[in-house]
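1. got a predicted model here, sequence first, then my questions.
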Amino acid sequence: MTLLPNFETIFLRDDDVLVVLDQVLLPNEVKYLELTEQKDIWEAIYKLRVRGAPAIGVAAAFAAYLAAKEIAAYDFEGFYPEFKKKLDFINSSRPTAVNLSWALGRMEKLAQKNREKPLDEIRAILRKEAMDIRREDIAVCRKIGEYGAGLLSDGMGILTHCNAGALATVKYGTALSPLYVGMENGLQNLRVFCDETRPLLQGARLTAFELTSAGVDTTVICDNMASSIMQTGSIDIILVGCDRVAANGDAANKIGTSGLAIIARHYGVPFYVCCPTSTIDTATLTGDAIHIEQRNPEEVTEMWYERRMAPMKTEVYNPAFDVTNHSLITGIITEFGILRPPYNETIKRVMDEKKQSL
C-alpha cells in the first residue's frame with residue numbers, strides 16, 4: 001500500500017517539455033509549469049518553483065539535455081563551448097545545493113566521453129542519462145527510507161524543518177522517506193511536527209501540504225516554538241534533509257536547522273540528517289567552506305504580507321542556509337546506510353565503496 005501524496009514533482013514529457021510542480025503557489029494552487037528554455041528553468045530553480053537538493057539535481061540534468069538539443073552546431077568542437085556556457089548559466093541559479101553542480105558535471109562528463117559520436121547520438125545519450133538520474137533518485141530515496149524507518153516505532157513524535165519530502169525529490173523524499181516507508185510497513189500513530197520555516201514557509205506550505213495529503217497527523221509550529229515542544233517530551237526524533245554535506249560531516253540545510261540541532265542536543269533528542277551520497281561533497285573539507293546563498297531582502301519584509309512589515313531603512317540579513325556542526329548530528333542516513341561519527345572516516349569509507357560499485 002502506498003501512502004505517498006498523489007502528485008508528481010518533476011518529469012520530462014515525451015515531447016521534451018520539462019514539467020515541474022510550481023511550489024511557490026502551494027498549498028493554495030496546484031499548477032504545473034511547462035519549460036523548455038534555459039532562462040525559464042534557471043528562473044524556476046532560483047525562485048524555488050522547483051526546490052530540494054535532489055529535485056534540483058534532476059531539473060539540472062533535464063536542463064543539460066534541453067540545452068544540448070537547442071545548440072546548432074556541426075561537430076563537437078562547435079557544440080561543446082556553447083554547451084558548457086549553458087551549464088554554467090544553470091549552475092549559477094543555486095550555489096549551495098551541490099546536487100545542482102553534481103548533475104551538471106555528470107552530464108558534461110558524459111558528453112565529453114562521447115565526443116567522437118554524432119551530435120544527435122550525444123543528445124540521445126544525454127536524454128537517457130537525465131531519465132536515469134530521475135529513476136535513480138526514486139531508488140535512492142526509497143533506500144534512505146528503508147534505513148531510516150528502522151529508527152521509528154509506533155506513536156513516535158517526529159520533528160522536521162523545511163521540506164525534505166516528496167516535493168523536494170521525485171518521490172519519497174529524504175527526511176520524510178523513513179516516515180512514508182515506515183507507514184507502508186505498518187507503523188501507526190506517527191505524529192509529525194513541522195517547523196514553519198521562515199522566511200519562505202516551506203514547512204507550513206509544503207511539508208504540511210504533502211503530509212496532510214498523505215493522511216499523516218501533522219502539526220505546524222513556528223520555528224521559535226521548537227524548544228517549547230521538545231521540553232514537553234513530544235519529540236522523539238528529528239529528521240531533516242540537507243543541501244550539502246562536507247567531508248567532516250558538517251551539513252548545510254535551510255536556515256534555522258543549526259539552532260534546531262543545538263536545542264535537540266540540550267534535550268537529548270536524536271538529530272538525523274537524511275541525504276543521498278550525491279549531496280556529500282568530499283572536496284569541501286568543512287562547513288566553513290560552504291558558500292551560503294544570500295537571498296532577496298523582500299522575502300523577509302514583504303512576502304506573505306499585504307503591506308511591508310519593516311521600516312524602509314531597515315537592513316535585512318537573509319541567508320538561505322546555515323551549517324550544522326557535525327558534533328550535533330546523531331547520524332547521516334544515506335542510501336548506503338546510516339553513517340555515524342567519526343564522520344571523516346565513515347563518509348570516506350562510504351564514498352570509496354560507492355566509487356568501487358560504479
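-> Yep, that arrived. It should be emphasised that the depicted structure is a prediction, and the values quoted were computed from it without experimental measurement. Residues are numbered from 1 along each chain as shown.

2. show me the shaky parts of this protein.
-> For the chain, the stretches with pLDDT under 70 are 1-5.

3. which segments of it make up each domain?
-> Under the assignment automatic domain parsing, the domains of the chain span 10-141, 151-357.

4. export the ones you listed to a markdown table and tack on mean neighbour count?
-> The way it works is simple: take the backbone N, C-alpha and C, and place the C-beta from them, glycine included. Shown next, in a markdown table, are the domains of the chain (neighbours: other C-beta atoms under 10 Å):
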| stretch | mean neighbour count |
| --- | --- |
| domain 10-141 | 19 |
| domain 151-357 | 19 |
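
5. beyond the helix or strand where residue 85 lies, next helix or strand please.
-> Residue 85 belongs to helix 76-91 when assigned by DSSP states H and E. Counting by DSSP H and E, the element after helix 76-91 in chain order, helix or strand, is helix 98-113.

6. how far does whichever helix or strand comes after that next one sit from the chain's center?
-> Using DSSP H and E, the next helix or strand after helix 98-113 towards the C-terminus is helix 119-149. Distance of helix 119-149 from the chain centroid (C-alpha atoms, centre = their mean, to the nearest Å) equals 15 Å.

7. show me what secondary structure element comes after helix 119-149.
-> strand 157-160.

8. tell me what that following strand is packed against?
-> strand 191-195, helix 226-231, strand 237-240 (3 or more C-beta pairs under 8 Å, 6 or more residues apart in numbering; DSSP states H and E).

9. hmm, residue 177 is touching residue 274, no?
-> Yes: look at residue 177 against residue 274 with C-beta atoms under 8 Å: they come within range, at 6.9 Å.

10. shared neighbours of the two, anything?
-> Residues touching both residue 177 and residue 274 (C-beta atoms under 8 Å, 6 or more residues apart in numbering): 144, 148.

11. which parts of the stretch 201-350 of the chain are strands?
-> Taking DSSP state E, counting those that start in this stretch as the criterion, the stretch 201-350 of the chain carries its strands at 217-221, 237-240, 244-246, 251-254, 271-274, 280-281, 321-324, 331-334, 337-339.

12. strands paired with the fifth one, and their directions?
-> Yep, that's strand 271-274 we're talking about. Using DSSP bridges, the strands paired with strand 271-274 in its sheet are strand 237-240 (parallel), strand 331-334 (parallel).

13. residue 11: which of the ones you listed is closest?
-> strand 331-334 (24.5 Å; C-beta to C-beta).

14. please enumerate residues in contact with the closest one?
-> With C-beta under 8 Å, 6+ apart as the test, strand 331-334 has contacts from 144, 147-148, 174, 178, 239, 245, 249, 251, 270, 272-277, 280, 338-340, 343, 347, 350.

15. likewise for stretch 143-158?
-> For stretch 143-158, the surrounding residues in contact (C-beta under 8 Å, 6+ apart) are 172, 174, 177-182, 185, 187-193, 234-239, 270, 272, 274-276, 333-338.

16. how close does the nearest residue to residue 296 once chain neighbours are set aside sit to residue 300?
-> Leaving aside its sequence neighbours, residue 296 sits nearest to residue 318 (C-beta to C-beta, 6 or more residues apart in numbering; 7.0 Å). Using C-beta to C-beta, to the nearest Å, we find residue 318 at a distance of 5 Å from residue 300.

17. so what sits against both of those two?
-> residue 199.

18. so which residues of the stretch 201-350 of the chain form helices?
-> Assigned by DSSP state H, counting those that start in this stretch, the stretch 201-350 of the chain shows helices spanning 202, 208-213, 226-231, 257-267, 298-301, 343-357.

19. looking at the ones you listed, which is nearest to residue 93?
-> Ranking the helices of the stretch 201-350 of the chain by proximity to residue 93 (C-beta to C-beta) places helix 298-301 first, at 15.9 Å.

20. what helices and strands are in contact with the closest one?
-> So helix 298-301, by 3+ C-beta pairs under 8 Å, 6+ apart, packs with no helix or strand.

21. residues in contact with that helix?
-> 198-200, 308-310, 314, 316, 318.

22. so which of those residues is the closest to residue 215?
-> The closest of those to residue 215 turns out to be residue 200 (C-beta to C-beta; 25.3 Å).

23. I figured the closest one hits residue 321, correct?
-> No: the pair residue 200 / residue 321 is not scored as a contact, 11.8 Å apart, by C-beta under 8 Å.

24. ok so, going back, okay, the contacts of helix 298-301 in a markdown table with distance to residue 262 next?
-> Listed next are these as a markdown table, based on distance: C-beta to C-beta, whole Å:
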| residue | distance to residue 262 |
| --- | --- |
| 198 | 17 |
| 199 | 20 |
| 200 | 22 |
| 308 | 32 |
| 309 | 27 |
| 310 | 26 |
| 314 | 27 |
| 316 | 23 |
| 318 | 21 |
